[in-house]
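Trainee: coordinates for the following, if possible.
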Amino acid sequence: MDGTTSNVAVFNSLVKPVVESFLSGVNDTVIMYGPTGSGKTYTMLGDEKTRRHLREIAEISSFDPLPKTPRKGEPGVLLYALDHIFKVLELAKKGTAIVKVSYIEIYNDNIYDLLQEKSMLSNCLPINETDSGKFVLKGVVEQPVKDLTEVIQSIRTVSYTHLTLPTICSV
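Mentor: Now for the predicted structure:
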């Protein structure tokens, strides 16, 4: 992938297979990493206009999976992934699915829970290993959500937190 690749192309080629694995029962993670300014936030959440207008996106039951103009006004891979998950769950309607959202940021080798209250953001999350060898983030918020709108409402809050976190951490 290069700087001209659209987020929908990144989603379809790299993230959608992870989402499909998740939907089959595997606990998966998508991680964006790289130096400041390399496009991590853009790829994950979309352009600034999209991030500013997440409420309007939430009010539309779904968004166009193929943006009219690549890399302008396009959602990030996170929104494509969540849209796909909720569409699959809606189509399946088998049993009861419980969806919980956690949202963390790794910054300077510290892990921060971006869904925590602002006053708690300076607290780094510890990583613990269970007796069975699984790694867990102690104290991470797991927010139950029932649809894409609720997730986007959480992301709206996180977008502000994420943008100000480096200032808070460097104090």
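
Trainee: show me the helices in the protein, by range?
Mentor: Across the chain, reading from the start of the chain, the helices by DSSP state H fall at 7-10, 16-23, 40-45, 48-52, 54-59, 77-92, 148-169.

Trainee: lowest-confidence stretch among those?
Mentor: Ranked by mean pLDDT, the helices of the chain bottom out at helix 54-59, with a mean of 51.

Trainee: what score does the residue of the chain positioned farthest from its centre have for pLDDT?
Mentor: Relative to the centre of the chain, and counting by Cα atoms, centre = their mean, the farthest-placed residue is Asp131 at 28.6 Å. Each residue has a pLDDT score; the one for Asp131 is 93.

Trainee: check Pro75 too.
Mentor: According to the model, Pro75 carries a pLDDT of 82.

Trainee: what's the spacing between it and Leu23?
Mentor: Pro75 sits 19 Å away from Leu23, taking Cβ to Cβ, to the nearest Å as the criterion. Any C-beta I mention is one placed from the backbone N, CA and C, and that applies to glycine too.

Trainee: who has more neighbours, these two?
Mentor: Pro75 (25 against 15; other Cβ atoms under 10 Å).

Trainee: what's opposite that one in the beta bridge?
Mentor: Taking DSSP bridges, one finds Gly46 as the beta-bridge partners of Pro75.

Trainee: hmm, Gly46 and it touching each other?
Mentor: Yes. Contact status for Pro75 versus Gly46: in contact at 4.5 Å, counting by Cβ atoms under 8 Å.

Trainee: how close does the residue farthest from the centre of the chain sit to Thr5?
Mentor: For Asp131, the distance to Thr5 equals 42 Å [Cβ to Cβ].

Trainee: and if you look at Tyr103?
Mentor: Tyr103 is 24 Å from Thr5, by Cβ to Cβ.

Trainee: again with Lys93
Mentor: Distance, Lys93 to Thr5, using Cβ to Cβ: 34 Å.

Trainee: which one of these two has more residues nearby?
Mentor: Applying other Cβ under 10 Å to Lys93 and Thr5 shows that Thr5 carries more neighbours, namely 15 against 8.

Trainee: residue nearest the centroid of this protein?
Mentor: The geometric centre of the chain, computed from its C-alpha atoms, lies nearest to Leu78 (Cα atoms, centre = their mean), at 4.6 Å.

Trainee: for it, which non-adjacent residue is spatially closest?
Mentor: Leaving aside its chain neighbours, Leu78 sits nearest to Met44 (5.1 Å; criterion: Cβ to Cβ, 6 or more residues apart in numbering).
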